[in-house]
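Colleague: Sharing a model prediction with you, sequence too.
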Amino acid sequence: MKVVIIGGVAGGATAAARIRRLSEQAEIVVFERSGFISYANCGLPYYIGGTIEDENELTLQTPESFWERFRVKMHVHHEVTAIHPESKTVTVKNLENGKVFTESYDKLLLSPGAKPIKPGFDGIDSDKIFTLRTVEDTLKIKKYTDEQNPKSAVVVGGGFIGIEAAENLRELGIDVTLVEAAEQLMAPFDSDMASFIHAEVRRNGISLMLSHFVEGFEDTDCGIDVKLKDAPTLHADMVVMAIGVTPETTLAKDAGLETGIKNSIVVNDKMETSVADIYAVGDAVQIKNFVTDTDTLVSLAGPANKQGRIAADNICGGDSHYTGGQGSSVIKIFDMTAATTGINEKTAKSMGIAADKVILSPMSHAGYYPGGKLMTMKVLFEKDSYRILGAQIVGFEGVDKRIDVLATAIRAGMKAYELTGLDLAYAPPYSSAKDPVNMAGYMIENIKNGVVKQWYYEEDETLPRDGSVTLLDTRTPMEYSMGHAKGFINIPVDELRERISELDKSKPVYIMCQSGLRSYIASRILMGNGFDAYNFAGGFRFYDAVRNDKALNKKSTPCGMDN
C-alpha cells in the first residue's frame, strides 16, 4: 500500500508516524510546501519575544529524523498542484528547481491546514505587514525586529495569534496597539469574561482599540499608516495581521471533493472525504461540535493530531471514529491564563438553547497557604437537563487544571450537579478541600434544589431603582465605601439577622457581596425568614470588572502611538 500525504505539521506528520507504526510494509510519501514538516506552531510567537531562544527548538522533526525513525519520505518545498482521483495520482512541483512530476497513491491524506486571512486592502502587500502562521513567517518577523528595531507596532485581530503576537512584541519593548473589529477580544469567551482579559492586556501597556475597523495601509518614509474607519489613522513601524484563518482547500475543490463551511472539506467520522480513498484532517476539515452536534471548524493542534491518528487507523484497515471537538483551549496573556471549553453563553442563545450559569471567584489553592491567586470561573449548563455546555476560566494559577477537569466532564456526559462528586486531588499548595470545580457543582446543585435563586449582570440596567425592590450589599462598610452598585444599601451579612426588620418582606431582595459567598448566606437567611431573595452571580468584583471594562471600551483611544 502506498500512502501519499499532502501537508505535514500536526495532522499529516501524526498520520505518517501512526501509519508506519501500524504497517511496516506501507510506502509513505509526504509533500510539504514549506521548509518544515513538523514544528511547534503554537510556540512561534514566543520565539519572536525571546522566550524560546533557539529557532531549532521550534522544529519537532526534520525530513532526516523522520526517515531515520519511520522510513517516511518527507519532501519539503514540494507543492502538490493537482489531485487526479480517477487515476489516483497527484501532480507535484519541486519549488527549489521547478521540476513537475506525477506521484501515484493507493490512499491519499490531505492535511493542507489553513491560511491567514489577508483582505484586499490598499497597501496590504507592504513589506512592513506580516502574518504569523508558519516558521518562515516567524523568522521573517524575528529578522525584522532584530534588524530594524521597530519602536511601534499595530496588531490587527484579537484572537489567539493576535494576542500572543501583541504580548511578545510588547516583551521586546515595542509600543503595541491591538485593533479588533469586534467588541471584545477572544471570541470563544463571553464579553463579561473577556473583561478580565482586556484588563490584563491594558495593564501591560498595550493600547486596546475594540470595535475599530481597518480600511487600508500606506507606507511612509518612516513606517506605515494604518487607516481606520471613523477613527484617526495610526502610525507604526510594523503591522501584524491576525484576523483569523480560512481553510486551504483549493486542491480539494478542484478535485471535486465535497466542501462545507468556508469551503472546508467535508469528512465523515472516519475522516473520509466524499471521494473514495481520500482522507482529510486538521484545520481544513469540517467537524461536528461535540456539545451541539452541529457542523463547525476548529483550528487547534489537539483535534488535528487526533484526526491524523484516526485517519491513519482507517487507512490501515482499522475502525476508528472522531466524535467531534469542543474547542478546549488555553492561552497565556502576560501573567494571566485564560481557558475555555465547550460553547459559550452567546452561542447557546444564538442556537436557542435554554442555558443557565454560575460564576464564582475561588482561590487557586487553600487560602491559608501563601501565594494563592483568585480565578474567575463561569460554568454554563442547560436548564432542566443540567447538561454541561461549556466553561470559561481566567486567572493566574490552576486555570489549566480546572478547565481540563470540566472538559473531561463534558466529554463524559456528566450532569452539572454531578461535579460535586468528583474526587479531586487536594493539598494546600495546589487546591482546597472543596476544589473550585466541586464548588461550581455545589452552586448548581443549590439552583437545582431551589436552595438559591440568582440574578445576573445583564439584568442590572433594568433592575428597578424606584423602591419597588430592595437592593442589598452585604459586605463590610469599608468595602461598601470603596465602591458599590447604584442604589444598593449596606447591611453586612453578620448583622443581617439583627437588622432584618429594616427590610420590607413584601419586596423582592437583590443581594450582592464581593464574591457571591456572603450574599448567598444572606439569601439563605432572608429566604428562611420568608423573603423572596436573589443572589448576584459573580459578586461585586465581577460586577465592577465588567462595568469598568464597558466604560473603557466606550472611550477607548490609542495611546503610545502617533495619530
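Modeller: Done, it's in.

Colleague: Give me the distance between the residue of the chain most remote from its centre and V493.
Modeller: Largest separation from the mean C-alpha position in the chain: S501, at 48.5 Å (Cα atoms, centre = their mean). Counting by Cβ to Cβ, to the nearest Å, the gap from S501 to V493 is 16 Å. No exception for glycine: its C-beta is placed from N, CA and C like everyone else's.

Colleague: got the phi/psi numbers for G123?
Modeller: phi 80, psi 10 (degrees, to the nearest 10).

Colleague: Check the burial of it by counting its neighbours.
Modeller: 16 (other Cβ atoms under 10 Å).

Colleague: Please apply the same query to G244.
Modeller: By other Cβ under 10 Å, neighbour count at G244 equals 16.

Colleague: Surely it touches P119?
Modeller: No. Contact criterion Cβ atoms under 8 Å: G244 and P119 do not qualify, at 10.5 Å.

Colleague: What about F70, how many residues nearby?
Modeller: 18.

Colleague: residue contacts, it?
Modeller: A16, A17, R20, I28 (Cβ atoms under 8 Å, 6 or more residues apart in numbering).

Colleague: Within the helices and strands, which one has the last one?
Modeller: Here I28 sits within strand 27-32, counting by DSSP states H and E.

Colleague: Partner strands of that strand, with direction?
Modeller: Strand 27-32 has the following strand partners under DSSP bridges: strand 2-6 (parallel), strand 73-76 (parallel).

Colleague: average model confidence for it?
Modeller: For strand 27-32, mean pLDDT rounds to 97.

Colleague: Report the buried residues of it.
Modeller: I28, V29, V30, F31, E32 (16 or more other Cβ atoms under 10 Å).

Colleague: will you turn those into TSV that also has distance to V509?
Modeller: Shown next, in TSV, are the buried residues of strand 27-32 (distance: Cβ to Cβ, whole Å):
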residue	distance to V509
I28	68
V29	71
V30	66
F31	68
E32	64
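
Colleague: and of the residues you listed, the nearest to A182?
Modeller: E32 (33.6 Å; Cβ to Cβ).

Colleague: Test my guess that V72 contacts A17.
Modeller: Yes. With contact defined as Cβ under 8 Å, V72 reaches A17; the gap is 7.4 Å.

Colleague: what's the helix or strand bottoming out on mean pLDDT in the chain in contact with?
Modeller: Using mean pLDDT, DSSP states H and E, strand 38-39 stands out as the lowest-scoring helix or strand of the chain, at a mean of 74. Outside strand 38-39, the residues that touch it by Cβ under 8 Å, 6+ apart are G8, V9, A13, L58, T59, L60, Q61, T62, F66, V135.

Colleague: Setting aside sequence neighbours, what's the nearest residue to the first one?
Modeller: For G8, ignoring the flanking residues on the chain, the nearest one in space by Cβ to Cβ, 6 or more residues apart in numbering is I37 at 3.6 Å.

Colleague: My read is that that neighbour contacts P63, right?
Modeller: Yes. Proximity of I37 to P63 meets the contact threshold set by Cβ under 8 Å, at 6.0 Å.

Colleague: Show the contacting residues for the residue nearest to G8.
Modeller: I37 neighbours (Cβ under 8 Å, 6+ apart): G8, V9, G12, A13, V30, Q61, T62, P63, F66, M74, V76.

Colleague: how much space between it and L132?
Modeller: From I37 to L132 the distance is 19 Å (Cβ to Cβ).

Colleague: what's the most distant pair in the contacts of F70?
Modeller: A17 and I28 (9.2 Å).

Colleague: who touches both of the two?
Modeller: F70, V72.

Colleague: Contact partners for the nearest residue to N344 once chain neighbours are set aside?
Modeller: Distance criterion Cβ to Cβ, 6+ apart; nearest residue to N344, sequence neighbours excluded, is D190 at 4.8 Å. Listed by Cβ under 8 Å, 6+ apart, the contact set of D190 reads N344, E345, K346, K378, Q392.

Colleague: Also P112?
Modeller: By Cβ under 8 Å, 6+ apart, the neighbours of P112 are I6, G7, P247, E248, T249, L251, A252, G282, A284.

Colleague: Give me the subset of the residues you listed lying in helices.
Modeller: L251, A252 (DSSP state H).

Colleague: what about burial for the contacts of P112, which qualify?
Modeller: So, of the contacts of P112, I6, G7, P247, E248, T249, L251, A252, G282, A284 end up buried under the neighbour-count rule (16+ other Cβ under 10 Å).

Colleague: Of those, which is the nearest to K306?
Modeller: Scanning the buried ones among the contacts of P112 for proximity to K306, where the rule is Cβ to Cβ, the winner is G282, at 10.2 Å.

Colleague: Was I right to think that closest one contacts G7?
Modeller: Yes. Using Cβ under 8 Å, G282 makes contact with G7 at a distance of 7.3 Å.

Colleague: on that earlier part again, which of V72 and A17 has more neighbours?
Modeller: V72 (24 against 20).

Colleague: distance of the more buried one from L526?
Modeller: 68 Å.

Colleague: Equivalent analysis for I393, please.
Modeller: 30 Å.

Colleague: more neighbours, the two?
Modeller: Per other Cβ under 10 Å, whichever of I393 and L526 has more neighbours is I393, with 30 against 24.

Colleague: what comes into contact with the host helix or strand of T337?
Modeller: T337 is part of strand 336-342, with elements assigned from DSSP H and E. Outside strand 336-342, the residues that touch it by Cβ under 8 Å, 6+ apart are 186, 188-189, 193, 196-197, 200, 290-291, 326-331, 380, 388-397, 399-400, 402-403, 406-407, 410.

Colleague: Likewise for stretch 217-236?
Modeller: 121-124, 126, 128-129, 150, 152-154, 156, 177, 179, 209, 212-216, 237-239, 558, 561-563.

Colleague: Go ahead and measure how far that stretch is from the middle of the chain.
Modeller: For stretch 217-236, the gap between its own C-alpha mean and the chain's C-alpha mean amounts to 29 Å (Cα atoms, centre = their mean, to the nearest Å).

Colleague: cool, and stretch 133-144?
Modeller: Counting by Cα atoms, centre = their mean, stretch 133-144 comes out at 23 Å from the chain centroid.

Colleague: any idea of the mean pLDDT in that stretch?
Modeller: Stretch 133-144 comes out at a mean pLDDT of 92.

Colleague: Buried residues, it. List them.
Modeller: For stretch 133-144, by 16+ other Cβ under 10 Å, it's R133, T134, V135, D137, T138, L139, I141, K142, Y144.

Colleague: wait, which of those is closest to E53?
Modeller: Distances from E53 to those, taken by Cβ to Cβ, are shortest for K142, at 11.0 Å.

Colleague: so how far is the helix or strand hosting the closest one off the chain centroid?
Modeller: If you go by DSSP H and E, K142 is part of helix 135-148. Here helix 135-148 is found 25 Å from its chain centre; the criterion is Cα atoms, centre = their mean.

Colleague: again, but for stretch 495-502
Modeller: 45 Å.

Colleague: Contacts for that stretch next, please.
Modeller: T474, I491, A522, I525, L526, N529.

Colleague: Can you give me the buried ones in it?
Modeller: L496.

Colleague: now for the helix or strand where V179 lies, which elements pack on it?
Modeller: Taking DSSP H and E as the definition, one finds V179 inside strand 175-180. Other helices and strands packing on strand 175-180, by 3 or more Cβ pairs under 8 Å, 6 or more residues apart in numbering; DSSP states H and E, are strand 152-156, helix 160-171, strand 207-210, strand 231-236.

Colleague: Out of those, which one sits most buried?
Modeller: strand 152-156 (a mean of 27; mean count of other Cβ atoms under 10 Å).

Colleague: Show me the contact partners of it.
Modeller: So strand 152-156 is contacted by 162, 165-166, 169, 174-180, 214, 223, 226, 234-243, 560-562 (Cβ under 8 Å, 6+ apart).

Colleague: Measure how that strand sits relative to helix 135-148, angle-wise.
Modeller: 160 degrees (axes from the mean of the first three to the mean of the last three Cα atoms, to 10 degrees).

Colleague: quick one, strand 152-156 and strand 175-180 angle?
Modeller: Using the same axes, to 10 degrees, strand 152-156 lies at 10 degrees relative to strand 175-180.
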